[in-house]
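S.K.: Fold the following.
(2 chains)
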Amino acid sequence: MNDKREFSWSIIFIWIGLFSIGLTAIYSATQGPVAQFLPSYIQDNFFRQALWVAISAVALISIQFLSPRIFQEGAYFFYAISIVLMVITIFFGVEVSGSRSWLRIGPINFQTGEVTKLTTILAAASYLTSRRNISAENLKTAIITVLIFALPAVLLILQNEAGVAIVYVGILPIVLFWSGLPYGISLLMVSPALVGYFTVLNWKWGILAALIITIFIFFLQRRTWLTVTSLVFGLLVIIGTEVALHHVLQPHQRARIEAFTNPQLDPLGSGWNVLQAKTAIGSGGLQGKGFMEGTQTQLRFLPEQWTDFIFCVVGEEFGFIGSSIVLLLYIFLFLKLLNMASNQKHPFAQLVIVSVTFVYFVHFIINIGSATAVLPIIGIPLPFISYGGTAFLTNTVMLAICLNLDFNKRTFSIYR
Amino acid sequence: MSNRQKDKSQTAIRILQGIVILGFMVMMGRIVQLQIIDYETYSPLSMQNSLRMELVNPARGLIYDRNGTILVENRPIYTITITPAKFNPNKISTLASILQVDEEFVQQRIREAQQYSWHRTSRLFTEVSFEVFSAIQENLWQLPGIGHTIESKRSYPTDVNASHVFGYLREASPEELQASDYIRMGDHIGKSGIERIYENYLRGERGTEYIRVNAFGQALGLYNDGALNIAPVKGSDLITTLDAGVQALAEELMQNKQGGLVAIDPHTGGIIAMVSAPQYELSKLSGRIDINYWRELNTDPARPLFNRAISSRQPPGSTFKPFMGIIGLHMGLITPQTQVYNPGFYFRGRRYGDLADPGNYNLERAIAKSSNTYFFWMMDRIASRGQLNTWSSLIQDFGMGPINYVDLPFERSGIIPDSTYMNRTFGERRWGIGDLMSLGVGQGMVSVSPLQMAVATASLANGGYRVQPHIVSGVRESNGEIRYTNPVIEKIEWIQPAYLSEINQSMVNALMEGGSRYFGHIPEIQIAGKTGTAQNPHGENHGWFIAYAPADNPQIAIAVLMENSGFGSVSATPVASLLIEKYLTGEIKRDHIYNHVMNFRPRIASALSTENE
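M.R.: I've put the predicted structure just below:
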């Protein structure tokens, strides 16, 4: 029997801290003076979220009593079920504002794509830890892993949830990197995103980014073909991005991508959300305007302020103090989880914990990056804070699995 | 795990930690930049910020009669609003003096608003005078949290009240708010009548207006000169089949009485007039509701909110006989020549009374003189042959029994018994012919509404077609396009023209020779009609009259039910006859009949009426 003192209570406290901030912000964003602009089903979001927190707490506790083996042995089974559910959703799902990602089971609506994040992680971890390390020469394992990730991502795009699909693209390089994909190739995998991002900001920065990445790859791998590939790849991304921006995309599509760098170009159209989000956060100042006092939030200047733009509510009403507490809670959570992973002996458990950390991290970067206009606006929720029952439950279950694996790290033998 | 592997995984952990910390630093740097360094830029931005989206309610659709007369329109009312969180309690006395009401009353209203919400705006006083409204407008600067809006209420410009047809509006209930994404707190929606049925058409679409506001929410004017505003879409108008003149007369004639009447165009099913008496005054339920009046309506034993025209259930009495006649001809029980001798009663186990003169009766005479024996004899044959269900389904073909899908809420079905119904009421095989005899003369368990009788009468008038009764014939959208409703008209297959002409003749004779001739006969118009009396165990009998006219080319079919009025020929007949005269000639020439109806009071037995009904 394990000692209760070995349980990671600090993670539980971070979890409580995050969802408390979330509930506070959701309350303000839906029950405050702004409620006069909102339909009643949105005003009820706070109560629904509170219910989901309670359900998730029960799930978190229950999972601690499971044998850690279940997660590895059931991984493919869970994965298969969740994929089937996603396919069912495409055909029979409930359509909400253009995307068909909800499945109605009795009284509850269920976002199948959220659950698949968890099952994909388990399946990939189970697959990778049953294989030898990936090498630069033997990429078969890597390709199968890519397929494990690509399947749900494609289904999400079919559900018209491209934003969520990006999460899978974000975690994949981390998972492969952890499983032994050489550093250089790992870097090459993320390079198009980095180069593309800097090119949108300014094509000269794009070139700079491509050069720096190439130099890194040369020193990491010291293989000429890889270095050349990287450079050619980088330049192609720059040219591709520029051509796409100026010649392929319609002006309004281009405006949407560029809006985050220069929202003033079109302040009432594509720049509107970015401007209002920045104004909300910026005007919060050091101390914020106070609970339910944020003019941006309460006068309904923010879109989706209970989900995608919830960080703006925190920033406006609780200021720099509030938003840095949120950031600190997240960095403690990430470092604590990575620390857990490094203390693990079992490779499956290690990979699961690392993947979970980066699921949170990708959401964190994209959500806060969108709200603060560091990234183009991609609508995905902030873990444990945004409104969304399925997401909250899935995130909590992932955390609970990490806690379970950590708690049982001595008994969860690497030998079967 | 080998050491080398362990080292490798330690390096990987370091790299991942690096990525996470880098991400954190970037975000931290960004919020420092936005919230600390650029605070001076964004704070004034949000202070002036600037745009507030306000919802603009559209004008509710108007309601017209068949000739284009406006029957229901909108009138502006002035409303004072409050946002309790922003209101300064020291200003109560100022507010009270401007509003010209007690301070205590203002205080009480503010408390109610606070209970609803501190932050949301609610109505403080509705329907204030224009003077008070202007005074508030001038003093807004010293009354933070107080606002003013112009809303509208329903008004009824003609003599037509038609409370049960139009229905009233009230504030949406919490359940209705839950059920709809569109309805907002404080919205008034149709709760009865066509205001309820056609709510989605009448209400239109809300618009939005962008208003520049300062940080205290005070409006500074339209943003961008209103370039971004979305104008509200006016609600669609309803074009009804009502005839304003006939409807107003019908309401007048039904004053101080209880009952219901329905006049219908026999060829289309369009309702020309519909009254349920007593009515209620729609104008008193429009805008600010008079709570005392509302309470009165809900406790009045005469149940003025109940629509007797479509929801009451009464035995049709002798008005049932023409339909029995048609069914008898169809089922082969009788021919027009069939004679039945009336000794003053019909005997089947016991005596069933008949007040008609003793003698031989054929069908025509039996209807015109309203002899019971003929129809008891017929019902006896039907019951003995076990043809109750055939009889029931043929009666139902006329529109009696099941509902007729009129476009009004709360329509109720009548009762046309069949064996299933009898089994349920008396128990399996515990009923017999004796329980069925009275059905033949429209008494006993059979019961219908005035609407059902009007639909049935229409099918006598239009050559055997079943019409769907309706109030609204078209919906005119805000762009002027009219969409017509599509009521069902169906031939009742088994009705032969020969049956109808037989019945037509007997109903014309009923008006010439029968008890209705005193009040029913119009010199230049030939009416086909039939009176009836519904036995009422609780008091004076209810009077019925059904009619259509002109008999050779019917334009109107009508059914009148007068509760507790004794014989139909004195109570219901004159009402129907006056309405027919008004509809077909546009005026009333027979003042003595008009006066008779206006002076007629229910529960008063009349000496004139000794005829058999």
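
S.K.: Can you spell out the domain ranges of the chain, please?
M.R.: Picked chain A for this. Segmentation of chain A into domains, based on automatic domain parsing, reads A:4-181+A:273-407, A:182-248.

S.K.: try again with chain B
M.R.: Here the domain assignment for chain B is B:3-37, B:53-240, B:244-286+B:308-599, based on automatic domain parsing.

S.K.: pLDDT on the shortest one, on average?
M.R.: Right, the one you point to is domain B:3-37. In this model, domain B:3-37 has an average pLDDT of 88.

S.K.: List the buried residues of it.
M.R.: Taking 16 or more other C-beta atoms under 10 Å in any protein chain shown as the neighbour-count basis, domain B:3-37 is seen to contain the buried residues B:9, B:12-13, B:16, B:19-20, B:23-24, B:27-28, B:30-31, B:34-35. Using the backbone N, CA and C atoms, a C-beta is placed for each residue, glycine as well.

S.K.: on that earlier part again, can the domains of chain A go into JSON lines with extra columns for mean neighbour count?
M.R.: Compiled in JSON lines, the domains of chain A are given as follows (neighbours: other C-beta atoms under 10 Å in any protein chain shown):
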{"stretch": "domain A:4-181+A:273-407", "mean neighbour count": "20"}
{"stretch": "domain A:182-248", "mean neighbour count": "17"}
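
S.K.: For B:Glu481, find the nearest of these.
M.R.: Between B:Glu481 and the domains of chain A, the shortest separation by C-beta to C-beta is 29.4 Å, and it involves domain A:4-181+A:273-407.

S.K.: which of the domains of chain B sits most buried?
M.R.: Mean neighbour count, computed with mean count of other C-beta atoms under 10 Å in any protein chain shown, is highest for domain B:244-286+B:308-599 among these, reaching a mean of 20.

S.K.: among the domains of chain A, which is nearest chain B?
M.R.: domain A:4-181+A:273-407 (2.7 Å; C-beta to the nearest C-beta).

S.K.: So what would you say the end-to-end distance of that closest one is?
M.R.: Across its full length, domain A:4-181+A:273-407 reaches 9 Å between end residues, using C-alpha to C-alpha, to the nearest Å.

S.K.: what mean pLDDT does it have?
M.R.: Per-residue pLDDT values over domain A:4-181+A:273-407 give a mean of 89.

S.K.: one step back: who wins for proximity to B:Gly427 among the domains of chain A?
M.R.: Among these, domain A:4-181+A:273-407 comes nearest to B:Gly427, with 41.4 Å by C-beta to C-beta.

S.K.: gap between that closest one and the chain center?
M.R.: The chain centroid and the centroid of domain A:4-181+A:273-407 are separated by 5 Å under C-alpha atoms, centre = their mean, to the nearest Å.

S.K.: Identify the residues contacting B:Phe375.
M.R.: B:Lys321, B:Met324, B:Ala366, B:Gly440, B:Val441 (C-beta atoms under 8 Å, 6 or more residues apart in numbering or on different chains).

S.K.: Could you dump the domains of chain A into JSON lines with distance to B:Asn139 added?
M.R.: Rendered in JSON lines, the data for the domains of chain A read as follows (distance: least, C-beta to C-beta, whole Å):
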{"stretch": "domain A:4-181+A:273-407", "distance to B:Asn139": "23"}
{"stretch": "domain A:182-248", "distance to B:Asn139": "54"}
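
S.K.: Next, format those domains as a markdown table and append distance to chain B.
M.R.: As requested, the domains of chain A are exported to a markdown table (distance: least, C-beta to the nearest C-beta, whole Å):
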| stretch | distance to chain B |
| --- | --- |
| domain A:4-181+A:273-407 | 3 |
| domain A:182-248 | 8 |
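
S.K.: so which of these gets nearest B:Arg111?
M.R.: Using C-beta to C-beta and comparing the domains of chain A, the one that lies nearest B:Arg111 is domain A:4-181+A:273-407, at 19.0 Å.

S.K.: Regarding B:Tyr78, what is its secondary structure?
M.R.: Remark: B:Tyr78 carries the secondary structure label strand [criterion: DSSP: H, G, I helix; E, B strand; the rest coil].

S.K.: how close does the closest residue to it other than its chain neighbours get to chain A?
M.R.: Among residues not flanking B:Tyr78 along the chain, B:Phe133 sits closest, at 3.8 Å (C-beta to C-beta, 6 or more residues apart in numbering or on different chains). Going from B:Phe133 to chain A by C-beta to the nearest C-beta, to the nearest Å gives 22 Å.

S.K.: go on, B:Val275?
M.R.: The gap separating B:Val275 from chain A is 39 Å, by C-beta to the nearest C-beta.

S.K.: who touches the helix or strand harbouring that residue?
M.R.: If you go by DSSP states H and E, B:Val275 is part of strand B:271-277. Taking C-beta under 8 Å, 6+ apart as the criterion, the residues outside strand B:271-277 that touch it are B:66, B:162-165, B:240-243, B:246-247, B:249-251, B:254-255, B:257-265, B:306-310, B:406, B:451, B:454, B:469-471, B:556, B:579, B:583.

S.K.: quick one on the thing from earlier: so which of the contacts of B:Phe375 sit within helices?
M.R.: Using DSSP state H, the members of the contacts of B:Phe375 that fall in helices are B:Lys321, B:Met324, B:Ala366.

S.K.: So which of the residues you listed is the closest to B:Asp380?
M.R.: Looking across the ones in helices among the contacts of B:Phe375 and measuring by C-beta to C-beta, the closest to B:Asp380 is B:Met324, at 12.2 Å.

S.K.: Not counting sequence-adjacent ones, nearest residue to the closest one?
M.R.: Counting by C-beta to C-beta, 6+ apart, B:Met324 lies nearest to B:Phe375, which is 5.2 Å off, once chain neighbours are set aside.

S.K.: Next, that neighbour: secondary structure please.
M.R.: On the three-state scheme (three-state DSSP), B:Phe375 is labelled helix.

S.K.: List the residues that contact the closest residue to B:Ile522 other than its chain neighbours.
M.R.: Here the nearest residue to B:Ile522 in space, its sequence neighbours aside, is B:Glu581; by C-beta to C-beta, 6+ apart that works out to 5.4 Å. Contact criterion C-beta under 8 Å, 6+ apart gives B:Ile522, B:Ile525, B:Glu587, B:Ile588, B:Lys589, B:Arg590 as the residues in contact with B:Glu581.

S.K.: If we use 10 Å, what do you get?
M.R.: When contacts are counted by C-beta atoms under 10 Å, 6 or more residues apart in numbering or on different chains, B:Glu581 is found next to B:246, B:249, B:522-525, B:527, B:549, B:587-590, B:593-594.

S.K.: ok so, going back, out of the domains of chain B, flag the one nearest A:Asn109.
M.R.: The closest of the domains of chain B to A:Asn109 is domain B:53-240. By C-beta to C-beta, the value is 15.7 Å.
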